[in-house]
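Trainee: Requesting a structural model of the entry that follows:
(chains A and B)
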Amino acid sequence: MILNPMDLTNKKILVVGATSETGETITNQLLNLGAEVVMVDDNEERLITIADKCNNPRLNFNCIDIYNNQEIESGMKQMAANFGAFDGLVFCAGKGGVRPLQLTKNNFLHNMMNANLYSFIEVVRCLTKKGSFNNGGSIVVISSVSSIKGLKSKISYSASKAALDASVRGMAAELSEKKIRVNSILKGWVTSDMKLDFIQDNMELNKNEDFAKQLLGVIEPIEIANTVSFLLSDATKTITGISMLHDGGYSL
Amino acid sequence: MQQLISFQEKVILITGASAGIGQQTAILLSNLGAKVILLATNEDKLIETLGLLNGTGHQYFCYDLSNLEEIENKVKEIVTQCGKIDGFVNCVGIRSRRPLSLLSIKEVRNVMDINFGSYIELVRCITKKGNFNSGLSIVGVSSIAAQAGGPGVTAYAASKAAVEAAVRCLSKELAPKNIRLNTVVPSQINTPEYAKLLQMNGGVDNVLNRQYLGLGEPDDVANAIAFLLSPASKFITGVSLPVDGGYLSS
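Mentor: Below is the predicted model of the structure:
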């Protein structure tokens, strides 16, 4: 018999932000490891496409605008009513953005914080209400190495990810009473990120100092999916409150 | 005798200056020769603090930093009246303690706006051309909560971690203008806010078990701030300096 410490059989996992390339890859890998998966995102067309492609009875989805704080509470209630209590949450929604200080005004800050911090806190607050999340469950959120390393013109993005990691530590301490674990992954540059405009801008801005630093090269989404699975699984049942580096050596 | 740290004729703006760490920093900097600009919400306490300062030329401004929209005008007013700024110490901040189940988005946003948003807006406005002198040093007050988690401090910890991350980016971005930015990271300090916290917890503070140098005093933090403000630390930028009685390393 082959022992799989990352086995997710009989675990019900909610993937928020599932329609990005990384989100889709995570969804696929969780299914491969035996989990039941519910995808959430605001792009219904993409949700249907991914569900059709996977064609797996263990996969469901729900269309919720995760950046609209008003929708989250009712959305999470509906999820628990439809699918029962969850064992895991993967939060891979979020936004990027590059702006120098003089253009970093409060509205821009607010939008970044809303996408990368407020929506995560609100999802966890609503999902950890009685009956929606099982004791012993695991929460994994995608953060960034920008949380601990500064780059030019990434003030608000870095701040939002550092705030996210700090919120993870606070939640982990608090939810430990229910044996719910909360961790984040500080990802470095992933191939799918490279297609995004803001990353292109960022590479241009910081080209002389930065990209060679990812010693092992660019990360594939499947590698992030594996780290997510590891932190969701019982193989890590005493790991909580950490921000795990997955950065190809970027931060060294 | 050589004086390592002197702020003779330097203009230093301190927010949250009317109590605790901010007040103690104002007193220390005035003793070191600075012209101190106090900014806080409570006028009575500002006047009281002004009375504790050494020397002349200090001023105070009554302003509520949760009003983010008017910060730009307030900075202009300050520079017009007091001259270009040589140093900025951000001590403003609200402590928020709420369990996750009561942590509404509104509360999170409020904490982020005051502890993080106002800091960024102040830095943005102060670093505009004509508002500062070359060699400007900026010191923010963070907290051990930013680096170590605790139950009920999710939003507060997030806001302080955001400040520390922003400082790492800003120090790179503003280095060409000869501006340095750092934060101090205090643990439990004997301030009015701490007294309130202790009262809420029935006089018991478990943090002190790990803070093996005991309870800190406001002047412990003020000394660290003065060092980071002064040219004695001109090669230090982008750091978070723990002033924590050993907490984070134990």
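
Trainee: from here on, contacts and neighbour counts on C-alpha atoms
Mentor: OK.

Trainee: Now name the helix or strand holding residue A:13.
Mentor: Using DSSP states H and E, residue A:13 maps to strand A:12-16.

Trainee: Give me the helices and strands touching that strand, please.
Mentor: Secondary-structure packing of strand A:12-16 (3 or more CA pairs under 8 Å, 6 or more residues apart in numbering or on different chains; DSSP states H and E): helix A:21-32, strand A:36-41, strand A:86-91.

Trainee: Using CSV, list the CA coordinates for that strand.
Mentor: Coordinates of each C-alpha in strand A:12-16 appear next as CSV, following Å, rounded to 0.1, in the frame of the first residue of the first chain:
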residue,chain,number,x,y,z
LYS,A,12,-14.8,19.3,1.7
ILE,A,13,-12.8,22.3,0.6
LEU,A,14,-13.9,25.7,-0.5
VAL,A,15,-11.6,27.4,-3.0
VAL,A,16,-12.2,31.2,-3.2
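
Trainee: For residue A:7, which non-adjacent residue is spatially closest?
Mentor: In space, and not counting its chain neighbours, residue A:7 is closest to residue A:33: 5.5 Å by CA to CA, 6 or more residues apart in numbering or on different chains.

Trainee: Run through the helices of chain A in chain order.
Mentor: A:21-32, A:44-54, A:69-83, A:106-113, A:119-127, A:155-175, A:197-205, A:221-232 (DSSP state H).

Trainee: same check, this time on chain B
Mentor: Taking DSSP H to define them, one finds helices in chain B at B:20-31, B:43-52, B:71-82, B:105-112, B:118-126, B:154-174, B:192-200, B:207-210, B:218-229.

Trainee: ok, the third one near chain A or not?
Mentor: No - applying CA under 8 Å from any CA of the partner chain, one finds helix B:71-82 separated from chain A by no less than 10.9 Å.

Trainee: how distant is that helix from the center of its chain?
Mentor: Centroid displacement of helix B:71-82 relative to its chain, using CA atoms, centre = their mean, to the nearest Å, is 19 Å.

Trainee: which ones are touching the residue nearest to residue A:7?
Mentor: Contacts for residue A:33 (CA atoms under 8 Å, 6 or more residues apart in numbering or on different chains) come out as A:6, A:7, A:8, A:9.

Trainee: Now the first one: closest residue in space, sequence neighbours ignored.
Mentor: Counting by CA to CA, 6+ apart, residue A:6 lies nearest to residue A:233, which is 5.2 Å off, once chain neighbours are set aside.

Trainee: doesn't residue A:7 make contact with that neighbour?
Mentor: Yes - assessed by CA atoms under 8 Å, residue A:233 is found in contact with residue A:7 at 6.7 Å.

Trainee: rewinding a little: deepest of the helices of chain A, which one?
Mentor: Greatest average neighbour count among the helices of chain A goes to helix A:155-175 (a mean of 30), per mean count of other CA atoms under 10 Å in any protein chain shown.

Trainee: For it, give the mean pLDDT please.
Mentor: Averaged over helix A:155-175, pLDDT sits at 96.

Trainee: With stretch B:49-59 instead?
Mentor: The model assigns stretch B:49-59 a mean pLDDT of 97.

Trainee: got a list of contacts for it?
Mentor: Residues outside stretch B:49-59 that contact it (CA under 8 Å, 6+ apart) are B:17-19, B:23, B:26-27, B:30-31, B:33, B:35-38, B:60, B:82.

Trainee: Check the offset of the longest strand seen in chain A from the chain's centre.
Mentor: Using DSSP state E to define each element, chain A has its longest strand at strand A:133-144. Chain-centre distance of strand A:133-144: 9 Å, with CA atoms, centre = their mean.

Trainee: for stretch A:168-180, same thing?
Mentor: Centroid displacement of stretch A:168-180 relative to its chain, using CA atoms, centre = their mean, is 17 Å.

Trainee: among the contacts of residue A:33, which ones are buried?
Mentor: The neighbour count (16 or more other CA atoms under 10 Å in any protein chain shown) marks A:6, A:7, A:8 as buried among the contacts of residue A:33.

Trainee: so what's the last one up against?
Mentor: So that's residue A:8. Shown in contact with residue A:8 (CA under 8 Å, 6+ apart): A:30, A:33, A:34, A:35, A:233.

Trainee: How confident was the prediction at residue A:196?
Mentor: For residue A:196, the model assigns a pLDDT of 66.

Trainee: cool, and residue B:82?
Mentor: Note for residue B:82: predicted pLDDT of 97.

Trainee: Kindly report the same for residue A:199.
Mentor: The model's pLDDT for residue A:199 equals 64.

Trainee: If you count neighbours, what's buried in stretch B:175-183?
Mentor: For stretch B:175-183, burial by neighbour count (16+ other CA under 10 Å) applies to B:179, B:180, B:181, B:182, B:183.
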